[in-house]
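Asker: Have a look at this prediction, sequence included:
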Amino acid sequence: MFRKWIFGVVIASSVFLMGGCVSSDTGGGSLPTAGSAAPVLESSSDLGGAYKLRPLDPIYIRFSGILEQQQLELVIDANGEIRLLHLDEPIKAAGLSASKLAHEIEKRYLKAGIYKHLSVSVTMTAKAYYVQGEVNAPGQFQLMSGTTLLQAIAGARGYTPFANKKKVSILRHGKIYTYNAKDLEKHPEKDVKIKAGDVIKVWQQWY
């Protein structure tokens, strides 16, 4: 009898805790406008992780700790590879995040004994942004001055029938900002300006 009572308490507590973790989006309240801070509502893992590089993506590589080469701007080739100075074999960049590619470059140079101390950073070339998720034409897009979130979605040929317009996320510098696009459509003055390197995701509607 005592065990049954303990089991009931545990179950009730679990239900209460789970219920407390669920947040509802009623679409109410003002959303951050361009240039203002937005609340981080999701985690990077929820967004599907960092953007994975693709063939023909332009990237910027910065080397620290060496004098021979300090920065490099190039485009991933059609095979998804890049070739770097002193390395005989190409590096497969497609499918990696920018941070993982930087780690791979460091590892290759250090393992080959070419450099003893090296730090590498990889970023996506400025003037480009990315749209993922429930849009008709996901991919990389050229950033034009003044491009907004709604314009970026329109540039990706709009929403699919499964899109959740109330949940559109922007991954920017490791932080994730989530917006209600239906509210932005009603109040264009709240629309958010897109920055270089932004990764936009339109989430799926669960019926």
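Answerer: Perfect, thanks for sending it.
Asker: Provide a list of residue ranges in this structure with pLDDT below threshold.
Answerer: Where the chain drops to pLDDT under 70, the residues are 1-50, 125-126, 207.
Asker: Can you show me the helices along it?
Answerer: 2-20, 98-111, 149-155, 181-186 (DSSP state H).
Asker: And the third one, how far out from the chain middle?
Answerer: Meaning helix 149-155. 16 Å (C-alpha atoms, centre = their mean, to the nearest Å).
Asker: same for that helix, what does it pack against?
Answerer: Counting contacts by 3 or more C-beta pairs under 8 Å, 6 or more residues apart in numbering; DSSP states H and E, helix 149-155 is packed against strand 128-133, strand 163-172, helix 181-186, strand 199-204. For every residue, glycine as well, the C-beta is placed using N, CA and C.
Asker: Can you report phi and psi for Gln69?
Answerer: When read as degrees, to the nearest 10, the backbone of Gln69 gives phi -140, psi 130.
Asker: residues contacting it?
Answerer: With contacts defined as C-beta atoms under 8 Å, 6 or more residues apart in numbering, Gln69 is in contact with 63, 85.
Asker: go on, the one 5 residues further on?
Answerer: Residues counted as contacts of Leu74 (C-beta under 8 Å, 6+ apart) are 58-59, 61, 82.
Asker: rewinding a little: CSV for the helices and strands packed on helix 149-155, including mean neighbour count?
Answerer: Putting the helices and strands packed on helix 149-155 into CSV (neighbours: other C-beta atoms under 10 Å) gives the following:
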stretch, mean neighbour count
strand 128-133, 21
strand 163-172, 20
helix 181-186, 16
strand 199-204, 22
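Asker: Of all those, which one is nearest Ser145?
Answerer: Closest approach to Ser145 among the helices and strands packed on helix 149-155 (C-beta to C-beta): strand 128-133, 12.6 Å.
Asker: hang on, the earlier thing: redo the helices and strands packed on helix 149-155 as a markdown table? Include distance to Ser99.
Answerer: Shown next, in a markdown table, are those (distance: least, C-beta to C-beta, whole Å):
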| stretch | distance to Ser99 |
| --- | --- |
| strand 128-133 | 15 |
| strand 163-172 | 13 |
| helix 181-186 | 28 |
| strand 199-204 | 13 |
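Asker: Nearest to Leu67, out of those?
Answerer: Going by C-beta to C-beta, the one of the helices and strands packed on helix 149-155 nearest Leu67 is strand 128-133, 29.5 Å.
Asker: how far is that closest one from where the chain is centred?
Answerer: Worked out by C-alpha atoms, centre = their mean, strand 128-133 lies 8 Å from the chain centre.
Asker: Lovely, talk soon.
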